[in-house]
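K.L.:
Structure for this input, please:
(one chain, ligands or ions: 1)
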Amino acid sequence: MNHLRIEKRGAVGIVTFSRPEALNALNLETLKELDALLDEIATDSTLGIVIFTGEGKAFIAGADIKEMSVLNAEEGRAFGVLGQRIFYKLERLDQVTIAAVNGFALGGGCELALACDLRYAGAKAKMGQPEVTLGITPGFSGSQRLPKLIGLARAKELIFTGKMIGAVEAEQMGLVNKVVDGDVLEYAIEVASTIERNAPLAVKYSKKAIDSGYGQTVNEGNVLEAGFFGLCFASEDQKEGMSAFINKQKPNFKGI
Ligand code: DAK
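P.N.:
Presented below is the predicted three-dimensional model:
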């Protein structure tokens, strides 16, 4: 891979976008590399949590404007569909995903963060959907995921104005879970370690229950939740977790 790298630390994978000369902008080559890497991650049962971050002063400064500038309508649509498909694949990973937003997360960069389960922002993070300032709409599902996350009015304000907001404002509107004073990647790794200590199947099923029930009524979601809850009782880790509690010991989860 030329613009992406992955480092594995136990069950935690750290994916770094590395095209700093273009502030990690997503060109076609990077998108294709991401697509292939997500396929690898999806089948890697040793990974429980995946963190995404950027090299240098940007997380991702958006889709590559220079590459997009020459697209015609048909090519533009195809480029958007490609990005949507890849980000959907990211969103549907079994693993917990975390965006460690270290700097600019604009346009497609903000949209990639939106496809993650959790988002943390460093103090220097700048986020936004500036597409309308370039004569286009958000194209990698920003117009769909942003309103669901921060509400219709706030999403419309960000998208219609194209303004960039700082980390504190992003936290206030629920765009990120938290602003981190120190190193945002280290903080994301700490969160990942906390998650890693828990029963892997229970975390995975919790994510599935939340995501598959989201947008449904509570009653509909309850059916899904009951199914996943029941499945946990077929796992060794449920027995391990409960007997460790009863015997006042620390559980030793095995992910089975
Ligand atoms: N694409 C290409 N190159 C970029 C880039 C980008 N998004 N962002 C930065 N760069 C490049 C700059 O051109 C510059 O390269 P050189 O000129 O040195 O060759 C280098 O990175 C350093 O950038 P700056 O010199 O501009 O750095 P500054 O610190 O002064 O400014 C900045 C940082 C982030 C404020 C500024 O670079 C900036 O405004 N960048 C563009 C941010 C932006 O507008 N992002 C949104 C992109 S639009 C769709 C599909 C997809 C999309 C939409 C529709 N469909 C098909 C429907 C997605 C759209 C987007 O993401």
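K.L.:
Going by C-alpha atoms from here, please, whenever you check contacts or count neighbours.
P.N.:
Noted.
K.L.:
Check the offset of stretch 116-133 from the chain's centre.
P.N.:
In terms of Cα atoms, centre = their mean, to the nearest Å, the centre of stretch 116-133 is set 12 Å apart from its chain centre.
K.L.:
wait, I meant stretch 132-139
P.N.:
For stretch 132-139, the distance between its averaged C-alpha position and the chain's averaged C-alpha position is 22 Å (Cα atoms, centre = their mean).
K.L.:
just checking, what packs against the helix of greatest length in the chain?
P.N.:
In the chain, assigned by DSSP state H, the helix with the most residues is helix 73-91. Packed against helix 73-91, as judged by 3 or more Cα pairs under 8 Å, 6 or more residues apart in numbering; DSSP states H and E, are the following elements: helix 28-42.
K.L.:
how about the residues of the stretch 1-150 of the chain near the ligand?
P.N.:
With the criterion set to Cα under 6 Å from any ligand atom, the stretch 1-150 of the chain comes near the ligand through 21-23, 25, 61-66, 76-77, 79-80, 104, 106-108, 130-131, 136-140.
K.L.:
In this protein, what residue spans correspond to helices?
P.N.:
Assigned by DSSP H, the chain shows helices spanning 28-42, 65-68, 73-91, 108-114, 142-150, 152-161, 167-172, 184-196, 200-213, 218-232, 236-246.
K.L.:
Any chance of a markdown table for these, columns distance to residue 5 and mean pLDDT?
P.N.:
Formatted as a markdown table, those follow (distance: least, Cα to Cα, whole Å; pLDDT from 0 to 100):
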| stretch | distance to residue 5 | mean pLDDT |
| --- | --- | --- |
| helix 28-42 | 9 | 97 |
| helix 65-68 | 22 | 97 |
| helix 73-91 | 16 | 95 |
| helix 108-114 | 16 | 98 |
| helix 142-150 | 25 | 97 |
| helix 152-161 | 31 | 98 |
| helix 167-172 | 25 | 98 |
| helix 184-196 | 15 | 98 |
| helix 200-213 | 24 | 97 |
| helix 218-232 | 33 | 97 |
| helix 236-246 | 32 | 98 |
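K.L.:
just those helices: most buried one?
P.N.:
helix 108-114 (a mean of 27; mean count of other Cα atoms under 10 Å).
K.L.:
Now do it: everything it contacts.
P.N.:
Outside helix 108-114, the residues that touch it by Cα atoms under 8 Å, 6 or more residues apart in numbering are 25-26, 59-63, 87, 98-99, 101, 105, 119, 127-129, 138-142, 145-146.
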